[in-house]
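Chemist: Sharing a sequence plus its predicted fold:
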Amino acid sequence: GRSRNDMNPAIERMYIRRKLLEQMEAITFLMETLLVQAEVHKNTIIPAYTHHSQQAQPITLGHFYMSAFENFGRDMERLMRAYEHVDLSPMGAAAVATTGFPISRERVAELLGFHGMLVNSMDATSTLDYAYEPACAMAIFINNVGRVTESLLLWNLNEVGISRLALPYCSYSTIMPQKRNPVALETLRYSGEWTYGTLSSMFNTMKAYPPGNGREPGLVVGQFFEIMQRITDSAFLLEGIIRNLEVDVPRALEVVRNGFSTVTDLADEMVRSMGLSFAAAKKIVGRLVVIAHDEGIACTQIDTALVARAAKEVLDIDLNMPQELITNALDPVPPAHHRRPQPRTGAGDHRQRSGAGGAAEGVASGRGVPSAIGGGHTGVHGRGRCPRLKRLSLSPHIRQERRALRTLSVRGAPALTGKTDAATPSPHDPMTGGN
């Protein structure tokens, strides 16, 4: 009652199950590091950028890390759903029309560790969604990785200088000794581009392919195996980059103070204290920024007279705004917490929320907020004290295989309950010798 047509996909599904669990462990490792670093940098002020390079508003580095944490959490959920569809047995479908021998497909599925089986024999021997679905989830994950990577590249510019990569993640120039080339970030960038191209090839290979077995599915599954390995390596690599990132906290604050990113708060203060509409306040502040740029006036030098001048020029009104209000509004580290976490909608609820606090734990935008991990929560180090990460980690699939995976050591990885030294590169990083 066996055929190559049902045995091959059964073996492939069993292999993919194990590799998916390894990959989810790698992403969990990355998410744990993001939580720890978000706590470390809960008060590290950095600029948030929009339109690739334009300073928008001040946030904390912890807020940035929690944004990535949220993205990767949804990636984990997509992989877990894909795992459920991979974990179905095709055995007993035989070549295409099942078998005449009295076998028990249910018992075979149970013996092979599958939680269910594919009922239709033609579907069981021809479907390739066990490769396509997790591959799509991995493409979304590496896209999210790429967006984090672009920020790290921007911060790494000498002209910005908010952070730089630790030496193990850089290469050097053969003739220019000052160079610290961020090759680890470049590796992550082309890993994304390569993944999208490979996934496209997988789909193109099976375009208009009729039900039934053939040679093309072998090519598709082989390409998927390559994607799986590259994505797992990328998760470990990004974890090491973030854990060892050298952040220049004073420089980050200087960039914010010189970038006029707090002028939105000045407009808000005009609404609160001076009785203006926001439309009027925005026009005044917009004119104020133009004057400051044209005349070389720093954001920290904006005073009552300059605000009055801008109001007169743009709206022809007299505005005498107290200097204390101006100074406090333009300070990226104010004594009052202007931006606060959004209220939670229930325990474990991680749906998207509006406003500055969009993370699973109600993360605040960071300006002077006690914790970047929401609602004043501090000391959130690891999955045990983060409901979302704990929930992901306690998935039945991951819980079932955790002991076996730790015994196998996930390509040499230590158990996630033990941290590697913060000053050393991760042993799993392709850039630093682990793989």
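Modeler: Nice, thanks for sending it over.

Chemist: how about stretch 45-57: buried residues?
Modeler: For stretch 45-57, the neighbour count (16 or more other C-beta atoms under 10 Å) marks 45-49, 55, 57 as buried. All C-beta atoms are positioned from the backbone trio N, CA, C, and that covers glycine.

Chemist: cool, stretch 249-265 as well?
Modeler: Those would be 252-253, 255-257, 259-265, for stretch 249-265 by 16+ other C-beta under 10 Å.

Chemist: Any idea how far apart the tips of it sit?
Modeler: 22 Å (C-alpha to C-alpha, to the nearest Å).

Chemist: From the chain's centroid, how far away is it?
Modeler: 24 Å (C-alpha atoms, centre = their mean, to the nearest Å).

Chemist: Is it possible to get CSV of the buried residues of stretch 45-57 that adds secondary structure, pLDDT and distance to residue 116?
Modeler: Converted to CSV, the buried residues of stretch 45-57 look like this (DSSP: H, G, I helix; E, B strand; the rest coil; pLDDT from 0 to 100; distance: C-beta to C-beta, whole Å):
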residue, secondary structure, pLDDT, distance to residue 116
45, strand, 95, 51
46, strand, 95, 47
47, strand, 94, 50
48, strand, 93, 45
49, strand, 93, 46
55, strand, 90, 52
57, strand, 92, 49
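
Chemist: biggest separation within these, which pair?
Modeler: 45 and 49 (13.8 Å; C-beta to C-beta).

Chemist: which residues do the two both contact?
Modeler: Counting by C-beta atoms under 8 Å, 6 or more residues apart in numbering, residue 45 and residue 49 have no common neighbour.

Chemist: Dead centre of this protein: give me the residue that sits there.
Modeler: In the chain, the C-alpha nearest the mean C-alpha coordinate belongs to residue 68, at 3.1 Å (C-alpha atoms, centre = their mean).

Chemist: and the buried residues of stretch 45-57 as a markdown table, adding distance to residue 28?
Modeler: Formatted as a markdown table, the buried residues of stretch 45-57 follow (distance: C-beta to C-beta, whole Å):
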| residue | distance to residue 28 |
| --- | --- |
| 45 | 29 |
| 46 | 26 |
| 47 | 30 |
| 48 | 27 |
| 49 | 28 |
| 55 | 33 |
| 57 | 31 |
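
Chemist: Which single one of the residues you listed is nearest to residue 294?
Modeler: residue 55 (18.2 Å).

Chemist: Contact partners for the closest one?
Modeler: 47-49, 255-256, 259-261.

Chemist: and the gap between it and residue 259?
Modeler: Residue 55 sits 4 Å away from residue 259, going by C-beta to C-beta, to the nearest Å.

Chemist: which residues are in contact with both of these two?
Modeler: Contacts common to residue 55 and residue 259, judged by C-beta under 8 Å, 6+ apart, are residue 47.

Chemist: Could you pull out the strands in the stretch 51-200 of the chain for me?
Modeler: 54-60, 88-89, 116-117, 163-164 (DSSP state E, counting those that start in this stretch).

Chemist: what lines up beside the third one in the sheet?
Modeler: Partners of strand 116-117 in the sheet, by DSSP bridges, are strand 88-89 (parallel).

Chemist: what is the mean pLDDT for the strand it pairs with?
Modeler: For strand 88-89, the mean per-residue pLDDT is 96.

Chemist: I'd like the distance from it to the chain centre, please.
Modeler: 31 Å.

Chemist: Would you mind pulling the contact partners of that strand?
Modeler: 10, 13, 105, 108-109, 112, 114-118, 130.

Chemist: And stretch 244-261, by the same measure?
Modeler: If you take C-beta under 8 Å, 6+ apart as the criterion, stretch 244-261 is touched by 37, 41, 44-48, 55-58, 61, 152, 160-166, 168-169, 262, 289, 292, 298-300, 332-333, 422-425.

Chemist: Can you give me the first-to-last residue distance of that stretch?
Modeler: Start-to-end, stretch 244-261 (C-alpha to C-alpha) is 28 Å.
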